[in-house]
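J.: what follows is a predicted protein model with its sequence.
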Amino acid sequence: MGEMIFFDNAKENVTKFFETEFENFPPLLMSHFLNKFNDIMNYSEEGVKIKPKIIFTDSIETIVRAIPKSSILTLFEDNDATMFNSRLKSILAIANNDWCLFIDIKENKISYGLVMSFRSIKDKSFLRLLEENTSLKERQTKIRCIIARPLNFYTMLLHSISGNDLTVNFSLDKSKSNFFATEIKEFVDVTFSKLRTTQLKLQDMKNMYLNIFSNVMNDVNGAICVIVDKDYKDNGLFEDGIWLKEPISFSKLFTQSKSYSEEKLQAFANLFINMLNFDGITIIDNQGRLRAYNVFVEPNSKKVGYIVGGARKRAAYFILSTKRKGIVGVYFQSHEGEVFFQELKKREPDKKKSNSHTKQSQVANLINSDINN
């Protein structure tokens, strides 16, 4: 029999991470969690994929008090971790749409339930508020908390309240180890690179896009989103698609009045997600305006080279290879959760941040690389 390879190294490192960041974590709970590790990364319910966010803590009440407008729904209370698998199965199916699954561990009681913050789509998410909360970090000797978050079918991120991370990746392709939060942040920054407004309103819109694409990561079965310049006029490359007669401008809800309609904002955000989830490419510009959807291109194999993957991936690399004037960047997400964002047009340096960077020099390598979808 040939060589047999196991992922024991990952198991040892996950166990060590919990031992370091969560003193006296129950061994039985640790064993159950490790056994369900892969299932959590690949969980789906009736064909719908779910990327559950799991919070292990010893003080869910303290967390809720520290995060504004948050609330918990406790569903089960047990004396030990014996029922972990059953409890997890009962909750995972509904741990979606910004709800986070929590497991609260006391000396003689383990509680399971859901937690979220009831906030505007322009506000930071519950997990971002939790990870950035300074008062909780200052109390790290009194409160223990580890967030387990599947990034895709093969990667799990563990983040502790003290700020330490452990990323577990079971893919044999290192190119699939990109941390989606970094890619999406770069995408959002480029999306609003030519919008002129106040810093407060700009941050609101960036938060909104970060929240939208967090939902895209969880709910959308693959997407391509192309950023074009605000003055872009298509010369035929994207003619096979639906161009909006009047671009949808999210910024108008923020920049033309002191108040805004949360319901209208949420409705257009959901419409944006539906367009991304529809067949083809969605096109926005660098003022954050939604320009077109259901757009198709015919990849030129000579330009793209050999790319292992589906039609969506070949289309993304074809767009990168054209280097057409006015195309600013391409966001790609596969059905497995692989994500990349590539900026094509180098932006003018920010006067306040002369050290702005671009990944433009990587384009040729990306286009010619043989990456599995």
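T.: Looks like it arrived, so ask away.
J.: quick one: contacts for the most centrally placed residue in the chain?
T.: Closest residue to the average C-alpha location of the chain: Ser214 at 4.0 Å, with Cα atoms, centre = their mean. Going by Cβ atoms under 8 Å, 6 or more residues apart in numbering, Ser214 touches 125, 184. C-beta here means a position set from N, CA and C on the backbone, and glycine is covered the same way.
J.: where does it land on pLDDT?
T.: pLDDT recorded at Ser214 is 81.
J.: and if you look at the one 4 residues further on?
T.: In the predicted model, Asn218 carries a pLDDT score of 73.
J.: and if you look at the one 3 residues further on?
T.: The predicted local confidence for Asn221 comes out at a pLDDT of 76.
J.: so what's it closest to, chain neighbours aside?
T.: In this structure, Asn221 finds its nearest non-sequential neighbour in His335, 4.9 Å apart by Cβ to Cβ, 6 or more residues apart in numbering.
J.: with Asn277 instead?
T.: Counting by Cβ to Cβ, 6+ apart, the residue nearest Asn277 is Val220, at 4.5 Å.
J.: any idea how far Thr282 is from the one you found?
T.: For Val220, the distance to Thr282 (Cβ to Cβ, to the nearest Å) stands at 10 Å.
J.: between those two, which contacts overlap?
T.: Among the neighbours of Val220, those also in contact with Thr282 (Cβ under 8 Å, 6+ apart) are Leu276.
J.: who has more neighbours out of the two?
T.: Thr282 (23 against 17; other Cβ atoms under 10 Å).
J.: doesn't the more buried one belong to a strand?
T.: Yes. Judged by DSSP: H, G, I helix; E, B strand; the rest coil, Thr282 forms part of a strand.
J.: for it, what are its contacts?
T.: By Cβ under 8 Å, 6+ apart, the neighbours of Thr282 are 223-226, 272, 275-276, 290, 292-293, 295.
J.: one more time with 7 Å
T.: Neighbouring residues of Thr282 by Cβ atoms under 7 Å, 6 or more residues apart in numbering: 223, 225, 275-276, 293.
J.: helix or strand right after the longest helix seen in the chain?
T.: Longest helix in the chain by number of residues (criterion: DSSP state H): helix 199-219. Scanning forward in sequence from helix 199-219 by DSSP states H and E, the next helix or strand is strand 223-228.
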